[in-house]
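*Asks:* fold the following for me, if possible:
(4 chains)
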Protein chains: 2
Amino acid sequence: MLSKKSQYAFRALTTLARHQGKGPLPISKIVKEHPMSVKFLETILLELRKNDILGSRKGKGGGYFLLRPPEKISLAQIIRILDGPIAPLKCVSLNFYERCEDCNEVSCGLNKLMAEVRDAKLKVLVNRTLRELI
Amino acid sequence: MLSKKSQYAFRALTTLARHQGKGPLPISKIVKEHPMSVKFLETILLELRKNDILGSRKGKGGGYFLLRPPEKISLAQIIRILDGPIAPLKCVSLNFYERCEDCNEVSCGLNKLMAEVRDAKLKVLVNRTLRELI
DNA sequence: GCTTAATCCTACATAATCTATAGGGTTAAG
DNA sequence: CTTAACCCTATAGATTATGTAGGATTAAGC
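*Replies:* The predicted structure is shown next:
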């Protein structure tokens, strides 16, 4: 399940995508379109900025903006930043790999099937971008 | 991400699937193959029994057994019982549907994309069964 | 019948994570 | 100098995940 963080992020990103190329958009404007806690959204957008999805400008007239065009930002990138692994198990994660302690990866049937699930999810999440969200 | 509950369940179910047709298998035997908390596994198997995946026999010589052959038990069934929805959002869940409060489902672009993710996951999880886990 | 070994039931404890808030610091326009 | 914005980090509160406890019930086999 998507976290609230990711859900809120997608809403805000939709607005930012529609506003793309028109300069920075402040949080105050975003929450007018999508009612939610300003402070919570702030931490979310900050995290997206630290991960090079968003840029920002401080001070009056400042705000956030996409660093790339919407069609270059996949849903997978956003979800990985805010929710972590897309794979159902760390031991088959491409970006958050961790070894299983108590199951042998070679003989474990589950990881093979979960790798299939991972690929099925990625096929959608990598190819779908903010463009499709608008 | 799969919960520990589901992970433990799949390990136990693998053992039960291999033992299928040979009578009930007690928890004590299962944990010998897969070291884990007996009590925790007990609650898991109980939940699977209440959801008609497993049968049980009480008393000495008792234990658990699959109610159907392994190839008739999909991974999706198990995950839904122990982890809930397979869809990334309740508003696109087939088995755990709940209306979104603060987004319009008709115009919301996210739910369409998340329905695609759901279908991609289901395609694997419905067609893969305990048979493939052995 | 008694012993033993099993499931059944449910409440609770503990830990981890998610969600949200707080409070101030920094920056820049006008 | 005022105002409006982002920046940073800690922490509170709620929820969920994980695991434990303790006994009740059942049935086999001697």
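
*Asks:* which residues touch A:Ile27?
*Replies:* A:Val38, A:Leu41, A:Glu42, A:Leu45, A:Gly63, A:Tyr64 (CB atoms under 8 Å, 6 or more residues apart in numbering or on different chains). All C-beta atoms are positioned from the backbone trio N, CA, C, and that covers glycine.

*Asks:* now with 7 Å, please.
*Replies:* For A:Ile27, the contact set (CB atoms under 7 Å, 6 or more residues apart in numbering or on different chains) comprises A:Val38, A:Leu41, A:Glu42, A:Leu45.

*Asks:* near chain B, which residues of chain A?
*Replies:* With the criterion set to CB under 7 Å from any CB of the partner chain, chain A comes near chain B through A:1-2, A:10, A:14, A:35, A:75, A:85, A:88-89, A:102, A:109-110, A:113, A:116-117, A:120-121, A:123-125, A:128, A:132-134.

*Asks:* tell me which of those residues fall in helices.
*Replies:* A:10, A:14, A:75, A:109-110, A:113, A:116-117, A:120-121, A:123-125, A:132-133 (DSSP state H).

*Asks:* and the residue of chain A closest to DNA strand C?
*Replies:* The nearest approach of chain A to DNA strand C comes at A:Gly59, 2.3 Å away (CB to the nearest atom of the strand).

*Asks:* for that residue, helix, strand, or coil?
*Replies:* coil (DSSP: H, G, I helix; E, B strand; the rest coil).

*Asks:* ok, it to A:Pro24 distance?
*Replies:* Distance, A:Gly59 to A:Pro24, using CB to CB, to the nearest Å: 10 Å.

*Asks:* between these two, who's got more neighbours?
*Replies:* A:Pro24 (17 against 6; other CB atoms under 10 Å in any protein chain shown).

*Asks:* what pLDDT does that one get?
*Replies:* Note on A:Pro24: pLDDT of 95.

*Asks:* what residues are up against the residue nearest to it when sequence neighbours are not counted?
*Replies:* In this structure, A:Pro24 finds its nearest non-sequential neighbour in A:Gly63, 3.4 Å apart by CB to CB, 6 or more residues apart in numbering or on different chains. A:Gly63 is in contact with A:Pro24, A:Leu25, A:Pro26, A:Arg57, counting by CB under 7 Å, 6+ apart.
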